[in-house]
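J.: Predicted model and sequence below, questions to follow.
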Amino acid sequence: MNFSHGSHDEHRARARRVREASAAAGCDVAILGDLQGPKIRIQRFAKGFVKLKDGQDFALDASRDENGGDKTGVGLTYPELANDVKAGDTLLLDDGRIVLDVVAVEGGVIHTRVRVGGRLSNNKGINLRGGGLSTGALTDKDREDIRLAAEIGVDYLAVSFPRSADDIRQARALLEEAGGEAGIVAKIERAEALEVIDEIIDASDVIMIARGDLGVEIGDAELPAAQKSLIHEARVRDTIVITATQMMESMIENPIPTRAEVFDVANAVLDGTDAVMLSGETAVGKYPVKVVKAVNAICKEAEKQRSVRHSDHRINMRFEYVDEAIAMAAMYTANHSGAAAIAALTESGATTKWMSRISSGLPIYAMTQHEKTRRRVKLYRGVYPVDFPIQTTSHARANITAVEILKKHHVVEDGDLVIITKGDLMGDGGGTNAMKIVEVGNLVQPVD
């Protein structure tokens, strides 16, 4: 849900429809709420747009009438921009389509010369090449939207334009204060975020590689290397990663993707991303169902490649928690035992998140009684939630029940090996401390 658009009542209605539809379909669906953040924009033109010519002068002036823009200049939504730029800086408007060179800053007016012109319409965004804008990550609107996110129970909350780990911690504190329990997503959009990326990753549950604004700030040529590095760093630090923006842009208008878009999606999967994200393709595109099917097919085919089915993740590192050690042991066993599936009995989903960091062709089934956990793990690569109400403290009976569920869903059959991880079956999170390999059709029967 993009909180940049729509009223609070509209978002409440959409959340309700999602929950009702998912319940009717018998599947778990996670909702991500996306905060607008401090998007710096121009104001509006008297005629709706202007056509800028290369070499002409153009002024950005926060004191100008908000509807009075013309070919000489336009107003700003962020008056402090004049304090953040100086002569010689480069401003990029409308996702980099318009390029302005700053000539001088006088009395709050930014005087520029058009390097790359074109059609410029109302409310387009502004980026500073190289980053360095002083605006904070959370606006007053964001604070109101955080309270809404807690009210409707989003599963993830995305923070736009964070510059530091403190921005993430502030959003988490505000969400918790409002009674929310969502995972926090850091949208990597600013150049300066890359300078402290380890701290931002550690403070977040998920990072999103928001390639639109990030590409504008660091330059498109640097973006592929940055994307690969961000995916790698997120996985190394046991964090979920989403790759976003223009994945299948041509399908906004066309029923099939370009070959370049197919390669783009597949390469993100091969590099280890947990999710690829569609935006305009499904929000305003002509073929929303076709684009989802196309991305699905590409991801499935990419995941068949041997390079994404084996891993040496954290092989030389110390595990800090018992459940992390069990998760890592289960995945390495899975890759070398010929098992057919992994059943992880989990409360919080943490064990399955650690498992999902290991490349493997095996499906990981997150078996939990908690609906919120089932929705949360939907973002974890290779993890599938299963409703598993724990009504016993018998390990033997829990094993049998888990395997029966997998058989019911035609995941395994007699003779298959299943890896089961679980704790002491007391309903406490973070308690996974055991791994067992069982043969379907040959399980130890419980003693009542």
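T.: Received it, and whenever you're ready, just let me know what you need. Numbering: from 1, shown residues only.
J.: State whether V276 and M247 are indeed in contact, as I suppose.
T.: Yes. Using Cβ atoms under 8 Å, V276 makes contact with M247 at a distance of 5.3 Å. The C-beta positions use only the backbone N, C-alpha and C, and glycine is treated the same way.
J.: Quick check: neighbours shared by those two?
T.: Common neighbours of V276 and M247, using Cβ atoms under 8 Å, 6 or more residues apart in numbering, are V265, A268, V295.
J.: These in helices, which ones?
T.: In helices, defined here by DSSP state H, the members of the shared contacts of V276 and M247 are V265, A268, V295.
J.: Touching, the last one and V276? I think so.
T.: Yes. The pair V295 / V276 is scored as a contact, 6.2 Å apart, by Cβ under 8 Å.
J.: And these two? Which one has more around it.
T.: For the pair V295 and V276, the greater number of neighbours falls to V295 (23 against 19), based on other Cβ atoms under 10 Å.
J.: Now do the contacts for the more buried one.
T.: M247, M248, V265, V276, L278 are the contacts of V295 under Cβ under 8 Å, 6+ apart.
J.: The second one: what's it in contact with?
T.: When contacts are counted by Cβ under 8 Å, 6+ apart, M248 touches P257, E261, V265, L278, E281, V291, A294, V295.
J.: Ok, the fourth one next?
T.: Listed by Cβ under 8 Å, 6+ apart, the contact partners of V276 are I242, T243, A244, M247, V265, A268, V269, V295, C299.
J.: Roughly how far does the last one sit from N2?
T.: Okay, so that is C299. Separation of C299 from N2 (Cβ to Cβ, to the nearest Å) stands at 23 Å.
J.: who has more neighbours, those two?
T.: C299 (17 against 14).
J.: Relative to F263, how far out is the nearest residue to the more buried one once chain neighbours are set aside?
T.: The shortest distance from C299 to any non-neighbouring residue, by Cβ to Cβ, 6 or more residues apart in numbering, is to V269 (5.4 Å). Per Cβ to Cβ, V269 is found 11 Å from F263.
J.: Among these two, which residue is more densely surrounded?
T.: In this view V269 and F263 are compared by other Cβ under 10 Å, and V269 has more residues nearby, 23 against 13.
J.: and stretch 267-284, average pLDDT?
T.: Model confidence over stretch 267-284, given as mean pLDDT, is 94.
J.: One more: stretch 410-420?
T.: Rounded mean pLDDT across stretch 410-420 is 93.
J.: Endpoint to endpoint, that stretch covers what distance?
T.: Start-to-end span of stretch 410-420 (Cα to Cα, to the nearest Å) is 17 Å.
J.: Quick one: low-confidence residue ranges for the stretch 201-350 of the chain.
T.: Where the stretch 201-350 of the chain drops to pLDDT under 70, the residues are 306-320.
J.: Show the residue spans covered by the strands in it.
T.: 206-210, 240-244, 275-277, 341-345 (DSSP state E, counting those that start in this stretch).
J.: How about stretch 368-386, which residues are buried there?
T.: Neighbour counts over stretch 368-386 (16 or more other Cβ atoms under 10 Å) mark 368, 370, 372-386 as buried.
J.: Identify all contacting residues around that stretch.
T.: Outside of stretch 368-386, the residues within contact range by Cβ under 8 Å, 6+ apart are 28-31, 153, 155-156, 181, 183, 206, 240, 242, 272-275, 303, 345-349, 352-353, 355-356, 360, 362-367, 387-390, 405, 409, 427.
J.: Just the buried residues of the residues you listed.
T.: Buried subset of these (neighbour count, 16+ other Cβ under 10 Å): 28, 30-31, 153, 155-156, 183, 206, 240, 242, 272-275, 303, 345-349, 352-353, 355-356, 360, 362, 364-367, 388, 390, 405.
J.: Out of the ones in helices among the shared contacts of V276 and M247, the closest to G131 would be?
T.: Comparing these against G131 with Cβ to Cβ picks out A268 as the nearest, at 23.5 Å.
J.: Look up how far G382 lies from the closest one.
T.: 15 Å.
J.: what residues go with each domain of this protein?
T.: Domains of the chain are assigned by automatic domain parsing as 30-36+136-308, 49-128, 322-439.
J.: I'd like those as a markdown table, with distance to R19 appended.
T.: Compiled in a markdown table, the domains of the chain are given as follows (distance: least, Cβ to Cβ, whole Å):
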| stretch | distance to R19 |
| --- | --- |
| domain 30-36+136-308 | 8 |
| domain 49-128 | 32 |
| domain 322-439 | 10 |
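J.: Which of those domains sits closest to D9?
T.: Comparing the domains of the chain against D9 with Cβ to Cβ, the closest turns out to be domain 30-36+136-308 (9.9 Å).
J.: Which residues are in contact with the residue lying closest to A137 once chain neighbours are set aside?
T.: Computed as Cβ to Cβ, 6+ apart, the closest residue to A137 that is not its neighbour in sequence is D167, at 3.7 Å. Listed by Cβ under 8 Å, 6+ apart, the contact set of D167 reads G136, A137, L138, V159, A186.
J.: Disregarding flanking residues, what is the spatial nearest neighbour of the fourth one?
T.: The shortest distance from V159 to any residue other than its chain neighbours is 4.7 Å, reached at A171 (Cβ to Cβ, 6+ apart).
J.: wait, that neighbour sits on T139?
T.: No. Assessed by Cβ under 8 Å, A171 is found out of contact with T139, at 11.6 Å.
J.: Can I get stretch 262-280 as CSV, trimmed to CA atoms?
T.: Taking C-alpha atoms only, stretch 262-280 is exported to CSV below (Å, rounded to 0.1, in the frame of the first residue of the first chain):
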residue,chain,number,x,y,z
VAL,A,262,13.7,-10.9,-18.5
PHE,A,263,17.4,-10.9,-17.8
ASP,A,264,17.0,-8.1,-15.2
VAL,A,265,14.5,-10.1,-13.1
ALA,A,266,16.5,-13.4,-13.6
ASN,A,267,19.8,-11.8,-12.6
ALA,A,268,18.3,-10.4,-9.4
VAL,A,269,17.1,-13.9,-8.5
LEU,A,270,20.5,-15.5,-9.4
ASP,A,271,22.2,-12.8,-7.2
GLY,A,272,20.1,-13.9,-4.2
THR,A,273,17.2,-11.4,-3.9
ASP,A,274,14.3,-12.6,-1.8
ALA,A,275,11.7,-10.7,-3.8
VAL,A,276,11.3,-8.6,-7.0
MET,A,277,8.8,-5.8,-6.8
LEU,A,278,6.3,-4.5,-9.3
SER,A,279,5.0,-0.9,-9.0
GLY,A,280,3.7,1.0,-12.0
